[in-house]
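[1] Build the 3D model from these lines:
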Amino acid sequence: MRSKVTAVVFGVALVALGIALTGATLGWWGRLVLFEGWWTLFLIVPALVSMIDQGPNAGNLVLLGIGGLLLADAQRLLGDTSVWSLFFPLVIVIVGIAVLRRALVGPKLPTDAEGRPIHPGSRLSAIFTGSTAVYTGLPFNGAETLAMFGGLDLDLRGAQITEDVLVDATTLFGGTDIIVSPGTKVQLSATNIFGGSDSNAPAPPPGTPGPVVHVRSTAVFGGLDVIAK
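    Sure thing, here's the model as predicted:
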């Protein structure tokens, strides 16, 4: 239901913006309809829709902050201050808020085939360094990972996975690689802001038996790759 509502909101916003642009181009109304910095709506509206759909997270908060900052600059609300001088401090503040929210509240957890929430297991991090975790022959019950200004490799080839698990991965100005054996079923969901999350592992069709590795990626100025090899 929530996805349908957010899709409607996003669609209405796009239609309204398209009509405003068309009318201004054809001279149906004055260009005052398009206020200074109107183009920042292409950042602000998707961020708000994402917050409605997924709740606040690092990705949509950063996107909303950037859009708001650029809009304030276009409206001359910042005076002589350069918008770019505030960019990096704003990103740091927003990421910190997102980390605090995740620690205090926690995001909505995915569920297994029986509707039970899946919790991440251990915590792994790589901050200003590189780190590798190998689970060959070992049980794996999920993980919460953080790669910040560094790289983290999570090697799950040969891991003992007997039920659905969750890898809750946050990548900030770094890279995260999750390596799985061919045939491992991986369900990837991602929130990206100036970053990307990709997987070459097959997503499980609905009702497919067997354990699934759920990967929830938040990539901000970084990237996550799920690699089956």
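
[2] quick one, domains of the chain?
    Here the domain parsing of the chain from automatic domain parsing is 2-104, 122-228.

[3] Can I get the ones you listed in TSV including mean pLDDT and mean neighbour count?
    C-beta coordinates here come from the backbone N, C-alpha and C atoms, glycine included. Below are the domains of the chain laid out as TSV (pLDDT from 0 to 100; neighbours: other C-beta atoms under 10 Å):
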stretch	mean pLDDT	mean neighbour count
domain 2-104	71	15
domain 122-228	87	18
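
[4] ok, Leu71 to Gly65 distance?
    11 Å (C-beta to C-beta, to the nearest Å).

[5] and the helix or strand encompassing Gly65, what does it pack onto?
    Secondary structure from DSSP states H and E places Gly65 in helix 58-74. For helix 58-74, the elements it packs on are helix 41-54, helix 87-104, strand 186-193, strand 213-220, judged by 3 or more C-beta pairs under 8 Å, 6 or more residues apart in numbering; DSSP states H and E.

[6] Please, which helix or strand holds the nearest residue to Asp177 once chain neighbours are set aside?
    Using C-beta to C-beta, 6 or more residues apart in numbering and skipping the chain neighbours, the partner closest in space to Asp177 is Asp153 (4.8 Å). If you go by DSSP H and E, Asp153 is part of strand 151-155.

[7] contact partners of that strand?
    Defining contact as C-beta atoms under 8 Å, 6 or more residues apart in numbering, one finds that strand 151-155 is touched by 124-126, 130-136, 143, 145-146, 167, 171, 174-179.

[8] again, only this time at 10 Å
    124-127, 129-136, 140, 143, 145-147, 167, 169-171, 174-181, 215, 222, 224, 226-227 (C-beta atoms under 10 Å, 6 or more residues apart in numbering).

[9] how big is the angle separating it from strand 213-220?
    Calculated by axes from the mean of the first three to the mean of the last three C-alpha atoms, to 10 degrees, strand 151-155 forms an angle of 170 degrees with strand 213-220.
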